[in-house]
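Undergrad: how would this look folded up:
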Amino acid sequence: MGHVALAAKITHVPSMYLSELDGPRKGSRQDAIDGHLEIARRCKAEGVDTLIVFDTHWLVNANYHLNCAPHFKGSYTSNELPHFISNLAYDFPGNPALGQLLARVCSDAGVETLAHPATTLAPEYGTLVPMRYMNADRRFKAISVSALCMAHYLNDSARLGWAMRRAVEDHYDGTVAFLASGSLSHRFAQNGLAPEFAFKVWSPLLETLDRQVVRMWQNAEWKAFCEMLPEYASKGHGEGFMHDTAMLLGVLGWSAYDAPAEVITPYFGASGTGQINAVFPVTPQDGRAIPRAVASAADGYTSIATRL
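TA: Numbering: from 1, shown residues only. Reported below is the predicted structural model:
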């Protein structure tokens, strides 16, 4: 029925917003902005109606959550970096029906997920920054998915991604794109050194590791990457513990995925972190490599529906 037209790993560095403003950073992130514009162009060409964003700035401690309000409008200032993102206006439509469908299919697959279609909860900047550049014309609806998962299993996040693909392809009358919004390594520069590291990665070790990961993606070494993802997430300071990336690879078939990534914006450093825009071609998959659910199989597990 439905169609997954595009999948991508994208940057959301707040210096993209600074790059618009008069001052010393003006124009400095145009390459990252251009990458977002190119991904949006491809989504429009494919007839995408909804962008589903795995947002590594939406922190959750229990379950998975979808912000699928009918509309998002407001002014956002980052609590993390208020001197970078201040009073950023946003206005774009949501997709409550799809959000509720995604949550239901994920929960049926053993990954308990809650949709929030009637909420005052505002999106985080992992969603708002890409919407600024990909959706300025409000062409797309958007759904934000919690991907800063503090007490979750990467295998469950991969299973969530696959369940979302099944929901779209089996039950949705439309076309979507999945966006994993987060960095590679995410070791911020020490306090006081941020200006020095504005365009650099924190350490040679992390940069070397990130660049090797990008080469693995370009060479379609997905089985090896999935096997190393837990250690990369922890030892490589992966943003959001790399749950956005696990979700994206779940959409694509996990370790059975078989296509090379296409780099749109080459790897770059930002405040110590490693960033990229890359498209992952969507290929036919049967789900044979998708991990089993972990949390819902644990002794003592009970559904949130029985506890609220």
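Undergrad: going forward, measure contacts between C-alpha atoms and count neighbours the same way
TA: OK.
Undergrad: and the host helix or strand of residue 265, which residues are buried?
TA: Assessed by DSSP states H and E, residue 265 sits inside strand 262-270. Of the residues in strand 262-270, 262-265, 267-270 count as buried by neighbour count, 16 or more other C-alpha atoms under 10 Å.
Undergrad: got it, and stretch 111-118?
TA: For stretch 111-118, by 16+ other C-alpha under 10 Å, it's 111-117.
Undergrad: can you add secondary structure and pLDDT and give those back as TSV?
TA: Shown next, in TSV, are these (DSSP: H, G, I helix; E, B strand; the rest coil; pLDDT from 0 to 100):
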residue	secondary structure	pLDDT
111	coil	98
112	coil	97
113	strand	98
114	strand	98
115	strand	98
116	strand	98
117	coil	98
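Undergrad: export only the CA atoms of the helix or strand following the strand holding residue 265, formatted as CSV.
TA: Using DSSP H and E, the next helix or strand after strand 262-270 towards the C-terminus is strand 273-279. Provided in CSV are the C-alpha atoms of strand 273-279 (Å, rounded to 0.1, in the frame of the first residue of the first chain):
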residue,chain,number,x,y,z
THR,A,273,31.2,16.5,17.1
GLY,A,274,31.3,14.5,13.8
GLN,A,275,28.5,15.3,11.3
ILE,A,276,27.2,14.2,8.0
ASN,A,277,24.2,14.2,5.6
ALA,A,278,23.9,10.8,3.8
VAL,A,279,21.1,9.0,1.9
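Undergrad: quick one: strands adjacent to strand 273-279?
TA: Counting by DSSP bridges, the strands paired with strand 273-279 are strand 3-10 (antiparallel), strand 262-270 (antiparallel).
Undergrad: can you add mean pLDDT and distance to residue 299 and give those strands back as a markdown table?
TA: Shown next, in a markdown table, are the strands paired with strand 273-279 (pLDDT from 0 to 100; distance: least, C-alpha to C-alpha, whole Å):
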| stretch | mean pLDDT | distance to residue 299 |
| --- | --- | --- |
| strand 3-10 | 98 | 34 |
| strand 262-270 | 98 | 42 |
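Undergrad: which one of these lies nearest to residue 29?
TA: Relative to residue 29, the nearest member of the strands paired with strand 273-279 by C-alpha to C-alpha is strand 262-270, separated by 9.6 Å.
Undergrad: outside of that closest one, which residues touch it?
TA: 13, 31-32, 34-35, 38, 197-201, 211, 218, 274-281 (C-alpha atoms under 8 Å, 6 or more residues apart in numbering).
Undergrad: just the pLDDT for residue 92.
TA: On the pLDDT scale, residue 92 is placed at 98.
Undergrad: restricting to C-alpha, output the longest strand along the chain in CSV.
TA: The longest strand of the chain (DSSP state E) is strand 50-60. Extracted C-alpha coordinates of strand 50-60, given in CSV (Å, rounded to 0.1, in the frame of the first residue of the first chain):
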residue,chain,number,x,y,z
THR,A,50,5.4,12.8,5.6
LEU,A,51,8.8,13.1,7.1
ILE,A,52,9.4,10.8,10.1
VAL,A,53,12.2,12.1,12.2
PHE,A,54,14.2,10.0,14.7
ASP,A,55,15.2,12.9,17.0
THR,A,56,18.2,12.5,19.3
HIS,A,57,17.3,15.6,21.2
TRP,A,58,14.0,14.1,22.5
LEU,A,59,15.1,12.4,25.8
VAL,A,60,12.9,9.7,27.2
